[in-house]
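Asks: Task: produce atomic coordinates for the following.
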Amino acid sequence: NKQLASQFAGLESQVELKTQEVKFLQESTSQILDSVPDPVIMIGPQEQIEYLNQASKEALVLKKNGNMEGTPLFQLLQLDPQTQAKLRQEIHLIQSSVLTAPTVEKPDQRIKKLHDPLSPASWEHSGGDRRELRLNQRTYRYRWFAISAPPGKEPGVGLVLRDITEESLLQDQLIQGEKLASLGVLSAGIGHELNNPLVGVIGLGEA
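Replies: Numbers count the residues shown, from 1 in each chain. Coordinates of the predicted model:
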């Protein structure tokens, strides 16, 4: 009995130690994500909020210490029905791609599929797929990433937002400037074409 009690006590201490390690890792991960300037949102398989970093709470004008876990995503993101439908479709595509992915992959194949959603390169080389949405009078470009789940549970997804409001305004100003410049060139060309026959008419009038 003494031997069993000592073994059980040792097992309890190991479980407690592992629990403390997991808690420490969770707190460290939360601190790291809170230091990220871009909003990061973790979404469960039923489209419920599982985590918001500090930048997300600021972007969505939420209370600093407010607990939004379990809140439906589209109750938090006030978006038009068309945008909601588009985001839902993208979420389901990511979840289905994770569920149907092969369990055994070659190392090089796995590396090609992985990417850092916070890396500037992952935003710059997104090609023509510029995913954008409007929240609280701000324009955000967004990217999804898959979140692995324990066996028997459906995978979740992560959403990263990048504020491009100033960039969009600058782009609109550049486009407007290009339009005005083109209009100026067109006006100069029209003026030139009108001047040619007018000179001939004036010359005939003088003659």
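
Asks: Now for the residue lying closest to residue 62 once chain neighbours are set aside, how many residues are close by?
Replies: Computed as CB to CB, 6 or more residues apart in numbering, the closest residue to residue 62 that is not its neighbour in sequence is residue 68, at 6.6 Å. C-beta: built from backbone N, CA, C; applies to glycine. Number of residues near residue 68 (other CB atoms under 10 Å) recorded here: 18.

Asks: Doesn't residue 68 lie inside a strand?
Replies: No - counting by DSSP: H, G, I helix; E, B strand; the rest coil, one finds residue 68 to be coil, located in no strand.

Asks: That one touches residue 76, doesn't it?
Replies: Yes - judged on CB atoms under 8 Å, residue 68 makes contact with residue 76 at a distance of 6.5 Å.

Asks: distance of residue 90 from residue 98?
Replies: 13 Å (CB to CB, to the nearest Å).

Asks: Repeat that for residue 12.
Replies: Distance from residue 12 to residue 98, by CB to CB: 36 Å.

Asks: Equivalent analysis for residue 48, please.
Replies: Distance of residue 48 to residue 98, computed by CB to CB: 17 Å.

Asks: Residue 76 too?
Replies: For residue 76 relative to residue 98 (CB to CB), the value is 23 Å.

Asks: Kindly list the main-chain dihedrals of residue 41?
Replies: Torsion angles at residue 41 (phi, psi; degrees, to the nearest 10) stand at phi -120, psi 130.

Asks: if we can go back for a sec, tell me, what's touching residue 68 and residue 76 both at once?
Replies: Taking CB atoms under 8 Å, 6 or more residues apart in numbering as the contact rule, residue 68 and residue 76 both touch residue 49.
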